[in-house]
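Asks: model the structure of this input:
(chains A and B)
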There are 2 protein chains.
Amino acid sequence: MKGYMIFTGTELLLGKTLNTNSQLLTSIFAELGIDIYKIVTVGDNTSRIISALKEVPKDVEIVFLNGGLGPTEDDLTKEALIEYLGSKTVYDQLTLDKIIKRVGEKALPGDMKVAEIPEGAIAFYNDAGVAPGSVVMSNGKHYFLTPGPPEELCVLMKNKIIPYLKENMLGKEKIYSKILKFAGIGESKAEDKIRDLIRANNPSVAPTIKDGEIHFRITAKGENKLELEDMVIQVSKKIIERLEDYYFGEDDESLESLVAGQLTAKGLKIAVAESCTGGLLSNTFTNIPGSSEFFDRAYITYSNRAKIEELSVSTSTLEQYGAVSENTAIEMAEGVFKKTNVDLAISITGIAGPAGGTIDKPVGLVYIAFKYKEQISVVTRIFSGSRLEIKNKVVKFILFEIFRKLKED
Amino acid sequence: MKGYMIFTGTELLLGKTLNTNSQLLTSIFAELGIDIYKIVTVGDNTSRIISALKEVPKDVEIVFLNGGLGPTEDDLTKEALIEYLGSKTVYDQLTLDKIIKRVGEKALPGDMKVAEIPEGAIAFYNDAGVAPGSVVMSNGKHYFLTPGPPEELCVLMKNKIIPYLKENMLGKEKIYSKILKFAGIGESKAEDKIRDLIRANNPSVAPTIKDGEIHFRITAKGENKLELEDMVIQVSKKIIERLEDYYFGEDDESLESLVAGQLTAKGLKIAVAESCTGGLLSNTFTNIPGSSEFFDRAYITYSNRAKIEELSVSTSTLEQYGAVSENTAIEMAEGVFKKTNVDLAISITGIAGPAGGTIDKPVGLVYIAFKYKEQISVVTRIFSGSRLEIKNKVVKFILFEIFRKLKED
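Replies: Predicted structure coming up:
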């Protein structure tokens, strides 16, 4: 099946935005076996969008438009498609209800416009935003309209459009895939251990790196669903066996939600003292719905005075060893533990940079202490990257440490 | 001057590669005042490349091809262009010398092929790789061939192609643009106030929404740089005048870094008590290098017990009004202020959802208290969206409130 993609957005022609949607969509289509013939990017301009639509070859069955569904005057993709098809607009009632619920009956024309879809189209409700996606059939082609914001597109593809394509448009060849997730190991080291499997074709094994994690996607193609599942399971077993120490989950499972699940299941409470990560660990935990079950409190003790006043870190420790030291990390964790009476207290102190590094204590040096049921342990690590990358890597490292600790426990 | 870009590479159609070259090139062209009409991406396939070349409109003067100049069999861009132009190949002697120096006189045909350029083309020697760029004139157009590897492209643009364009092709038309940033106002409401300016052509005004902010890009085209700057400034003034209450900065300025600048300049210290935002405000502040100058500490008091123990919120307040209430917000801010002796104490309590809402206190309801130099104020707002969106909107709202407060101060 042939597909054609049209991205709209003047910002893409001006270099203001990196088009990450293109890679997301093309990788999804490749997996579904849809052959993308061409990708076209045009500005927010009705006649240019229409002329792009006119150029789509006859044998293309899927025309996938992305961007330009918002409320502003330069959101013109839907209008251009409707003009091209000689169709008209109708409201998607679910979206209209949502908008009126949000902004009240006095919704402005711009707000209302977002709820419009081409007549005869099937709407895909947008769980992550407002503008719905839609698909309309015409000239023997399926025209898809999809929102530009990457997080909205991602959710819409996963929840609505991929299932729609699979159910309605794709032939006998089926695809089954699974993602295995690993942390605490470098990319090349992980790949070295399963190189033979990466080289194989069906199932294929494709690595991706994301926020300090390594994901392997195992994909099998064939006609028998049970057979495909079995092929994927066999390869998954091999991969997990070889990388057992670093494996934490699959598909939708995130490290933080797994840790949250462990903590909740075991009825454990945690509290945190963050210095260099400045709230990122707490924020990561509290992004999880229901985190109040296990997350008691945190101290973001950025200044020395805060470390002394809140966590009873001793002045002499700070003077003798410095705020970034094993001793300070231990006293911070002990301080949290004593004050809060939780089961697990975690402390972090380090140098996130870009300034503040020395030869002895370089940027990226971080001390992390865990006080778990009377036992204390400290880890020292040097992380690389920008300030934000270092903060992210520290948090990922801690989550994986907790995950391992609680799995063994 | 109109430009047209053609990217070649099957990997781009399969989602294997993120096309960062596109953003690099479009931002360069925007700065040079070359108006990119359209971007097309096709696979490594001679007939598809040729059909993309055929579609280039008459009035385009620059056709910029990227990728497919390497030694392998699927590097076909140059061959396709030459076939399309009915031209032939010649060797670029400098590149040929370099190849022979590297691999010896026994260079393989694939190696040699890299040194080929269209007859009559000007070669751009590749300082960062082997395959040279080139430009050839035909049909009143300039066809550029450029290497795909991003680092090679980057060096080639900087050292060779930008100087070439400036010297030989760019006429008098220049471009000047500026971005104005606003917060605290809805998108359609903001646009309604400047609709006449959005409808105008030169300068053009283009809105974009980003993380709860609205950005307007004002772009002027013309021949006299000073005149362009003046045109943009005049429109900027009008926009700021009409949206004065919501304006915070321009171009590279971010709300958090502006607030950080205000706090540092005034020598103010802040401390924070977060409940429903769970560390996001602290994390946003501490993402800024040098935030230890003004950020003293934070309490992430998720549990009621933490609110009582850390911030001296009274049990009776929690019982009578609940943790999500104006009274609790005030006591939290007072608690922080008393304990830390900072200049500005901020507290946040609310319901981030998805669970926990009631009819009286729906998901999204948030109380925010500011204690600034002995004065306390509380704001009540209902934010919409997912848990993460609500957290983000609360933080953006607070940053903008601080920004306004300190601007007046």
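Asks: contact partners of the helix or strand containing A:Ile376?
Replies: Using DSSP states H and E, A:Ile376 sits within strand A:375-382. Outside strand A:375-382, the residues within contact range by C-beta atoms under 8 Å, 6 or more residues apart in numbering or on different chains are A:326, A:329-330, A:333-334, A:362, A:364-370, A:394, A:397, A:401. Bear in mind the C-beta positions are built from the backbone N, C-alpha and C, glycine included.
Asks: run the last query once more with 6 Å
Replies: Taking contacts as C-beta atoms under 6 Å, 6 or more residues apart in numbering or on different chains, the residues outside strand A:375-382 that touch it are A:326, A:329-330, A:364-370.
Asks: do you have the helices of the stretch 151-300 of chain A handy? List them.
Replies: Listed in chain order, the helices found in the stretch 151-300 of chain A under DSSP state H, counting those that start in this stretch are A:162-168, A:187-193, A:195-199, A:225-242, A:255-266, A:280-286.
Asks: before we move on, back to that, buried subset of the contacts of strand A:375-382?
Replies: With neighbours counted using 16 or more other C-beta atoms under 10 Å in any protein chain shown, the contacts of strand A:375-382 contain these buried positions: A:329-330, A:364-370.
Asks: give me the lowest-pLDDT entry from those residues.
Replies: Looking at the buried ones among the contacts of strand A:375-382 by pLDDT, the weakest one is A:Gly364, with 94.
Asks: quick one: contacts for A:Asn126?
Replies: A:Asn126 touches A:132, A:152, A:156, counting by C-beta under 6 Å, 6+ apart.
Asks: try it again with 10 Å
Replies: If you count contacts by C-beta atoms under 10 Å, 6 or more residues apart in numbering or on different chains, A:Asn126 has them with A:69, A:92, A:94-95, A:98, A:114, A:132-133, A:146-147, A:149, A:152-153, A:155-156, A:159-160.
Asks: swap in A:Phe7?
Replies: Neighbours of A:Phe7 in contact, by C-beta under 10 Å, 6+ apart: A:13, A:19, A:21-22, A:25, A:39-42, A:52, A:64-68, A:77, A:148, B:39, B:41.
Asks: which parts of the stretch 51-200 of chain A are strands?
Replies: A:62-66, A:89-91, A:116-118, A:122-124, A:133-138, A:141-146, A:174-183 (DSSP state E, counting those that start in this stretch).
Asks: ranking those strands by mean pLDDT, which is last?
Replies: Within the strands of the stretch 51-200 of chain A, the stretch with the lowest mean pLDDT is strand A:174-183, showing a mean of 87.
Asks: number of residues surrounding the residue of the stretch 51-200 of chain A at minimum distance from chain B?
Replies: For the stretch 51-200 of chain A, the residue closest to chain B is A:Gly110, as judged by C-beta to the nearest C-beta, at 3.6 Å. The local packing count at A:Gly110 equals 18, with neighbours defined by other C-beta atoms under 10 Å in any protein chain shown.
Asks: in this structure it contacts B:Ile209, no?
Replies: No. Counting by C-beta atoms under 10 Å, A:Gly110 sits too far from B:Ile209 to count as a contact (11.4 Å).
Asks: shared neighbours, the two?
Replies: A shared contact of A:Gly110 and B:Ile209, defined by C-beta under 10 Å, 6+ apart, is any residue touching both; here these are A:70-72, B:186-187.
Asks: for these, which entry has the maximal number of neighbours?
Replies: Among the shared contacts of A:Gly110 and B:Ile209, A:Gly70 has the most neighbours (other C-beta under 10 Å), with 25 neighbours.
Asks: list the contacts of the nearest residue to it once chain neighbours are set aside.
Replies: Setting aside the residues directly before and after it, A:Gly70 is nearest to A:Ala131 in space (C-beta to C-beta, 6 or more residues apart in numbering or on different chains), at 6.1 Å. Contacts for A:Ala131 were tallied using C-beta under 10 Å, 6+ apart; they are A:68-71, A:75, A:78, A:92, A:95, A:113-117, A:145-149, A:152, A:156.
Asks: how about a cut-off of 6 Å?
Replies: A:Ala131 is in contact with A:69, A:114, A:147, counting by C-beta under 6 Å, 6+ apart.
Asks: turn these into CSV, including distance to B:Ile376.
Replies: CSV is the format used below for the contacts of A:Ala131 (distance: C-beta to C-beta, whole Å):
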residue, distance to B:Ile376
A:Leu69, 43
A:Val114, 39
A:Pro147, 41
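Asks: report the longest helix in chain A, please.
Replies: Counting residues, the longest helix in chain A under DSSP state H turns out to be helix A:387-408.
Asks: follow-up on the earlier one: nearest to A:Val60 among the shared contacts of A:Gly110 and B:Ile209?
Replies: Top of the list for closeness to A:Val60, among those and by C-beta to C-beta, is A:Gly70 at 26.2 Å.
Asks: near A:Lys174, how many residues? Count them for me, please.
Replies: With other C-beta under 10 Å as criterion, A:Lys174 counts 17.
Asks: the strand or helix carrying A:Gln23 near chain B anywhere?
Replies: A:Gln23 is located in helix A:20-32, with elements delineated by DSSP H and E. Yes. On the criterion C-beta under 6 Å from any C-beta of the partner chain, helix A:20-32 is in touch with chain B at A:23, A:26-27, A:30.
Asks: buried set for the strand holding A:Ile376?
Replies: Neighbour counts using 16+ other C-beta under 10 Å place A:Val378 of strand A:375-382 among the buried residues.
Asks: also stretch A:402-409?
Replies: Under the neighbour-count rule (16+ other C-beta under 10 Å), stretch A:402-409 has A:402-403, A:406 buried.
Asks: those residues: which ones sit near chain B?
Replies: Intersecting those with the surroundings of chain B, defined as C-beta under 6 Å from any C-beta, gives nothing.
Asks: from the residues you listed, which is closest to A:Asn202?
Replies: For A:Asn202, the closest of these turns out to be A:Phe403, at 32.0 Å, with distances computed as C-beta to C-beta.
Asks: how about that closest one, what does it touch?
Replies: Taking C-beta under 6 Å, 6+ apart as the criterion, A:Phe403 is in contact with A:248, A:259.
Asks: repeat the analysis, applying 10 Å as the threshold.
Replies: A:183-184, A:248-249, A:255-256, A:258-259, A:261-262.
Asks: separation between the closest residue to A:Gly148 other than its chain neighbours and A:Ser316?
Replies: Closest residue to A:Gly148 apart from its sequence neighbours, by C-beta to C-beta, 6+ apart: A:Gly67 at 3.6 Å. Counting by C-beta to C-beta, to the nearest Å, the separation of A:Gly67 from A:Ser316 is 60 Å.
Asks: which one's more surrounded, the two?
Replies: Legend: neighbour count by other C-beta under 10 Å for A:Gly67 and A:Ser316, higher for A:Gly67 (28 against 9).
Asks: that one and A:Leu145 touch, don't they?
Replies: Yes. The criterion here is C-beta under 10 Å, and A:Gly67 meets it with A:Leu145 at 9.4 Å.
Asks: between the two, which contacts overlap?
Replies: With contacts defined as C-beta under 10 Å, 6+ apart, the residues adjacent to both A:Gly67 and A:Leu145 are A:Thr77.
Asks: and the stretch 101-250 of chain A, which of its residues are near chain B?
Replies: Applying C-beta under 10 Å from any C-beta of the partner chain, one finds that the stretch 101-250 of chain A approaches chain B through A:101-103, A:107-114, A:127-130, A:148-149, A:151, A:155, A:206.
Asks: would you write a PyMOL line that selects the buried entries of these?
Replies: Applying 16+ other C-beta under 10 Å to these, the buried members can be selected in PyMOL as follows:
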select buried, chain A and resi 103+107+108+110+111+112+113+114+128+129+130+148+149+155+206
